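[1] Kindly return the folded structure for what I paste below:
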Amino acid sequence: MDRRQFLIHFSALALSATSGVALASPRQKTPYMLSLWTGTAPGGGGPVGEIRVSEKGAQSHIAAPYLTVIEPPSPKGHAVLIAAGGGYKRIEMAMEAWPAARWLVERGFTAYILSYRLPGEGWHDGNKVALQDAQRALRIVREREKKVSVLGFSAGGHLLGLAATRTDYRSYPILDRLDGQPAYADRAALIYPIITLEKPYNHSSTHKMLVGNRATDAQNAAWSVQNYVTAQTPPVFLVQAENDTVSDPHNTLIMQAACVRAQVPVTLYRYPTGGHGFAMGRPGTQTTQWPAHYLKWLNG
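    Numbering: from 1, shown residues only. As a prediction, this is how the structure comes out:
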């Protein structure tokens, strides 16, 4: 994607934001993009042409994955890699990623928004492509910043949960010097995430897109975040509403239990209402409280 195309897509997302608040402010620098890969992404294949942006600001048809970087006037050296959800069928930029990035930048953090490949769009590496992009993104951000945290929503929480826990897994071959560096996060915040693909929680879009309806128990387990939590997993911050009908509310309980077993610091906030996709908080529900708790945790 060239600079002109990037600005078109950024403008489309800004115009379609549902938060009711401008995505840029005088206190922010102009966003810019970083391509994840030099040349063809691992495995090849995939869609051809420009990214598609829906009327609600969701991305799909991502032929060349990239990071959008938004910096505060005086960066504090702490970056947050953001992955929005969308069931691995789309990426909810306007609903989740852009409001989160703006909120973080206003508090001095540098935001890196990940536009990752979607597994159902014809990539030869199939269900590994999003994880490849997340691991590559962590390496890029780690080289540029002193401290790196991740913030994932829904399927984006599944993606960054895997990236934060599977630091010893090489999802793609070494392509250049950067790939010799570790891909890890200092902290991981997962907001109404998909954690497990195991039964009886195997009815999500994430499950369908990554392993399919005929997946074996072994395949379900292989793509379940809780199975990779170890003593080396970074501190985890979890948020979910108890009436979530997309990500079963047991997901955060399962992740919390895995962290406790591995003696990983874990913080969990559960709210009685809010449903799914409340992003930085749904007005009229207690989910509006989580960003303040997150900020305290992030600075801890």
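
[2] Could you work out the end-to-end span of stretch 199-214 for me?
    Terminal residues of stretch 199-214 are spaced 12 Å apart (C-alpha to C-alpha, to the nearest Å).

[3] Which positions within that stretch qualify as buried?
    Applying a neighbour-count criterion of 16 or more other C-beta atoms under 10 Å, one finds Tyr201, Asn202, Ser204, Ser205, Thr206, His207, Lys208, Met209, Leu210, Val211 buried in stretch 199-214. (Each C-beta comes from the backbone N, C-alpha and C, glycine too.)

[4] How about stretch 104-114?
    Leu104, Val105, Phe109, Thr110, Ala111, Tyr112, Ile113, Leu114.

[5] what does stretch 173-185 give?
    Using 16+ other C-beta under 10 Å as the test for burial, stretch 173-185 gives Ala183, Tyr184, Ala185.

[6] What of stretch 40-50?
    The neighbour-count check on stretch 40-50 (16+ other C-beta under 10 Å) flags Ala41, Pro42, Gly43, Gly46, Pro47 as buried.

[7] Turn these into CSV, columns for secondary structure, pLDDT and distance to Val229.
    Compiled in CSV, the buried residues of stretch 40-50 are given as follows (DSSP: H, G, I helix; E, B strand; the rest coil; pLDDT from 0 to 100; distance: C-beta to C-beta, whole Å):
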residue, secondary structure, pLDDT, distance to Val229
Ala41, coil, 96, 28
Pro42, coil, 97, 26
Gly43, coil, 96, 28
Gly46, coil, 97, 31
Pro47, coil, 97, 34
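
[8] before we move on, the earlier item: reformat the buried residues of stretch 104-114 as JSON lines; add secondary structure and distance to Gly85.
    Converted to JSON lines, those look like this (DSSP: H, G, I helix; E, B strand; the rest coil; distance: C-beta to C-beta, whole Å):
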{"residue": "Leu104", "secondary structure": "helix", "distance to Gly85": "17"}
{"residue": "Val105", "secondary structure": "helix", "distance to Gly85": "20"}
{"residue": "Phe109", "secondary structure": "coil", "distance to Gly85": "20"}
{"residue": "Thr110", "secondary structure": "strand", "distance to Gly85": "22"}
{"residue": "Ala111", "secondary structure": "strand", "distance to Gly85": "17"}
{"residue": "Tyr112", "secondary structure": "strand", "distance to Gly85": "17"}
{"residue": "Ile113", "secondary structure": "strand", "distance to Gly85": "13"}
{"residue": "Leu114", "secondary structure": "strand", "distance to Gly85": "12"}
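
[9] show me where pLDDT drops low in the stretch 101-250 of the chain?
    Scanning the stretch 101-250 of the chain for pLDDT under 70 picks out no residues.

[10] quick one: the strands in the chain?
    Per DSSP state E, the chain carries strands over the ranges 32-35, 52-53, 58-60, 66-70, 78-83, 91-92, 110-115, 147-153, 187-191, 236-241, 266-271.

[11] how much space between Gly86 and Tyr116?
    10 Å (C-beta to C-beta, to the nearest Å).

[12] ugh, wrong one, I meant Gly300
    Taking C-beta to C-beta, one finds Gly300 at 28 Å from Tyr116.

[13] what about those two, which has more around it?
    Tyr116 (27 against 10; other C-beta atoms under 10 Å).

[14] got the residue ranges for the helices in the protein?
    With helices called from DSSP state H, the chain shows them at 3-15, 98-105, 129-144, 155-165, 205-210, 217-222, 250-261, 290-298.

[15] OK, contacts around the spatially most central residue of the chain?
    The chain has Ala83 as the residue nearest its centroid, 2.1 Å off, counting by C-alpha atoms, centre = their mean. Shown in contact with Ala83 (C-beta atoms under 8 Å, 6 or more residues apart in numbering): 91, 97, 114, 116, 134, 150-153, 156-157, 159-160.

[16] of all the residues you listed, which two lie farthest apart?
    Ile91 and Val150 (15.1 Å; C-beta to C-beta).
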